[in-house]
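Chemist: Give me the fold of what follows.
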Amino acid sequence: MTTTRTTTRRAAATARALREQQLEPASFEVGTRRSIIIERVEPELDGGRHAVKRVVGDTLRVTADIVADGHDLLDAALLVRAEDETDWTETPMRHVDNDRWSGSLPLTRNIAHRYTIEAWRDAIGSWGVVVAKKLAAEVPIAVEVAEGRLLVAAAAERAEVSRASRADGTTLRAALARSGRARTDATRASALSAPDVMVAARRHPDRTAATRYDRELPLVVDRERGRFSAWYELFPRSQGRDPAHPAATTLIEAEWRLPDIAAMGFDVVYLPPIHPIGRTNRKGRNNTVQARGDDPGSPWAIGSADGGHDAVAPELGGLEAFQHFLGVAEGHGMEVAIDLALQASPDHPWVREHPAWFRHLPDGTIRFAENPPKQYQDIYPFDFAATDPAARRSLWHAWLEVVQTWVGRGVRIFRVDNPHTKPVAFWRWLIGEVQRTHPDVLFLAEAFTVPKMMRALAKAGFTQSYTYFAWRENREELRAYLTELTAGEMREYFRGNLWPNTPDINPHHLDHGRPAFEIRSVLAATLSPSWGIYSGFELCEQGRLPGREEYAHSEKYEIRARDWSARPNIKSLITGLNRARREWPALRLYDNLQFQDVTGERTIFYRKALPEGSIDPLSGQPLHWRDPVFVAVNCDPSTPERAILHPDLPAIGIGWDEPYLMVDLLTGRSRRLRGADVAVELDPDRLPYRVFTIRRLGAPRRRARSG
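Modeler: Coordinates of the predicted model:
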């Protein structure tokens, strides 16, 4: 079988063979010849009910157990097609060990795909084995020679069907002619079993009795930002330049912040809801029930007389200002993500126009949102369990229209608020409908809920998800959690986006000040290819409500203004981390995290490297697997630790006793070392982390991609 991709509908097979294949009973029917067993296919998610995820530039690698009765050799192919294609693209699978087979195919299109496996008996290969054994045993092979001529002739006939494979037909016909002129059975068999003849014949097998795996498995191929992204959350109304006199700003007035955000290396600017804010039950500062006259209200209380989810708040400058902001952000190399919050202010036009979309109390009033003990008097949740089927259907389609409206305006990323409070079936339908025509649209699930619901949402189609990272603090917690995310089945469909803080989450460990902010930044930016911060994190903002993990003077309820050059800040560290993430391709992958041994109870030590044969998806150039990134972090922001790092040197191609360079990726400084006992001082007050690579002495310095 060829090592290049072919299309099965153009594969070498005669019209007669295709007719025979259609008449051959399936593998479960009486009288079938389809007797090959294909099982334990990986990756396969829940029996094919849900899609595994990859990005453009990845290679889909599929393995399976393939076995059959008897002693025949087998052959197999991995079949892949995009959803808009009718033909399968196939690539050969190879036998690995113990009836385990493997095949791989590069993914080049941002679109949903399907894949399956087909296997068949390798008649010409099996014949060659028998002939070789009989010749070695000096057993007559006249019958085998006759059989071989039939096999080669049939392969030649199949090859000659396609113009692209006629060269193989010529090779096979020439072998038949040489065999016919030969004087002994041994030389006749030699002509038929020559290496080039066997290769040509195996490229055109008889697949009329081939076994096809009993299901087509779904595959989502996102653009690279679906896996690799750095997010910055920005409240556009709080971007005034005078911290002493905060004043609301429009989207256009907020644009002055974009160059600074881009300079730190962020590629996604996430805006909380930008829609009109209701006045009924408007919340005041620090989430008080009574608002003062100048309180702006929570952006999540969406809808007023000025419009609903398809409108932009007048105080932000309206839709025209948003379009201008979008263009300026894109000019700085960033995308704009907007919030998709499926809830409404009591003043939302839908409350009046579609009362059946909301849940009512016995007295006929609409129930406001609650998450006891929290109450959201300024918000009405939608009733996705309404008894009226027509109401449910119209509600679903209304939300699809909202998303499609913003997609039509140029938005390609949505951060979805509290998706776990809406039906998973709804998200599966909505995301599927949107990505059917716009596969480049990405969805981030803000679902801080039970683990199995978070997994269900990812399986339903969410591109990325928030995680429990904010609450995983010590080495053991981090190691166990990241192993769960990146080394088990979850790696096939769940992409964790690590956020050290959000407007709703101000973790207690940040009370330790700058060291804690540095530690959490390094961990978030290097453990996962996607991470994000809520603005103010770079300034090490700490203020919280007493006894709670919530910000005091929360920007959700009031206008803020900051001095963006204030000290202390960690802007240079964040900039260096995002630069390293762009320049070192290993940091762009999700499932290549390998924890390393370390002596030191507070220090976590890990490596991210590339698999051998990796190709840069942007440049198409090979990337060497021995370009590893090592990260060591003291997880305790209050206590210094002298750690002994034990990098696995042979895993990166360096002998235990070979000298090497340890090069810091943030400063460029290097140390010459030998052996796998590397002492580092991780002092929270000075430098609680190291981000470095290890390079063999004399190895050429790699040229990092800066795009």
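Chemist: Can you tell me what sits against stretch 352-359?
Modeler: 344, 350-351, 366-367, 380-383, 386, 388, 391, 394-395, 398 (CB atoms under 8 Å, 6 or more residues apart in numbering). (Each C-beta comes from the backbone N, C-alpha and C, glycine too.)
Chemist: Report the distance from that stretch to the chain centre.
Modeler: 37 Å (CA atoms, centre = their mean, to the nearest Å).
Chemist: Likewise for stretch 347-367?
Modeler: That offset, for stretch 347-367, works out to 38 Å (CA atoms, centre = their mean).
Chemist: and what of stretch 469-481?
Modeler: Counting by CA atoms, centre = their mean, stretch 469-481 comes out at 21 Å from the chain centroid.
Chemist: thinking again about what came up before, buried ones among the contacts of stretch 352-359?
Modeler: Ala344, Trp350, Val351, Ile366, Tyr380, Pro381, Phe382, Asp383, Ala386, Ala391, Leu395, Ala398 (16 or more other CB atoms under 10 Å).
Chemist: Which of the contacts of stretch 352-359 fall in strands?
Modeler: Among the contacts of stretch 352-359, DSSP state E puts Ala344, Tyr380, Pro381 in strands.
Chemist: Format these as CSV; extra columns: distance to His360.
Modeler: Converted to CSV, the ones in strands among the contacts of stretch 352-359 look like this (distance: CB to CB, whole Å):
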residue, distance to His360
Ala344, 14
Tyr380, 10
Pro381, 12
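Chemist: Just name the closest of the residues you listed to Asp75, please.
Modeler: Lowest distance from Asp75 to the ones in strands among the contacts of stretch 352-359 (CB to CB) belongs to Pro381, with 56.2 Å.
Chemist: so how far is Arg367 from the closest one?
Modeler: Separation of Pro381 from Arg367 (CB to CB, to the nearest Å): 8 Å.
Chemist: Kindly report the same for Phe235.
Modeler: Phe235 is 28 Å from Arg367, by CB to CB.
Chemist: Ok, Gly698 next?
Modeler: 71 Å.
Chemist: Shouldn't Tyr270 be within a helix?
Modeler: No. Counting by DSSP: H, G, I helix; E, B strand; the rest coil, Tyr270 is not found in a helix; it is strand.
Chemist: close enough to count as contact, it and Ala230?
Modeler: No. Using CB atoms under 8 Å, Tyr270 makes no contact with Ala230, being 10.8 Å away.
Chemist: ok, now which ones touch the residue most central in space within the chain?
Modeler: When CA atoms, centre = their mean is applied to the chain, the residue found nearest the centroid is Arg227 (3.9 Å). Contact partners of Arg227, counting by CB under 8 Å, 6+ apart, are Val55, Gln464, Arg495, Pro529, Ser530, Arg588, Leu589, Tyr590.
Chemist: ok, 10 Å please
Modeler: Arg227 makes contact with 53-58, 442, 463-464, 495, 497, 528-530, 588-591, according to CB atoms under 10 Å, 6 or more residues apart in numbering.
Chemist: Out of the residues you listed, list just those in strands.
Modeler: If you go by DSSP E, those have Lys53, Arg54, Val55, Leu442, Gln464, Asn497, Ser530 in strands.
Chemist: Pick out the most distant pair among those.
Modeler: Using CB to CB, the pair of the ones in strands among the contacts of Arg227 lying farthest apart is Arg54 and Asn497, separated by 17.0 Å.
Chemist: Those two: who's more crowded?
Modeler: Asn497 (25 against 20; other CB atoms under 10 Å).
Chemist: wait, doesn't the more buried one sit right on Ser465?
Modeler: Yes. Assessed by CB atoms under 10 Å, Asn497 is found in contact with Ser465 at 6.6 Å.
Chemist: Now for the two: what residues contact both?
Modeler: Leu444, Ala445, Glu446, Ser530.
Chemist: wait, which of the residues you listed is closest to Asp97?
Modeler: Looking across these and measuring by CB to CB, the closest to Asp97 is Ser530, at 35.1 Å.
Chemist: for Thr249, what are its contacts?
Modeler: Thr249 makes contact with 235-241, 255-257, 315-317, 559, 561, according to CB under 10 Å, 6+ apart.
Chemist: repeat that with 8 Å
Modeler: Thr249 sits in contact with Pro236, Arg237, Ser238, Gln239, Gly240, where contact means CB under 8 Å, 6+ apart.
Chemist: what do you get for Thr467?
Modeler: Applying CB under 8 Å, 6+ apart, the residues near Thr467 are Met454, Tyr481, Leu485, Gly496, Asn497, Leu498, Trp499.
Chemist: my guess is the fourth one contacts Thr463, does it?
Modeler: No. Gly496 lies out of contact with Thr463 (CB under 8 Å); the separation is 11.5 Å.
Chemist: what's the domain layout of this protein?
Modeler: Here the domain parsing of the chain from automatic domain parsing is 1-122+211-222, 140-204, 588-696.
Chemist: which one of those domains lies closest to Glu541?
Modeler: Using CB to CB, the domains of the chain put domain 588-696 closest to Glu541, at 15.5 Å.
Chemist: Good, we can wrap up now.
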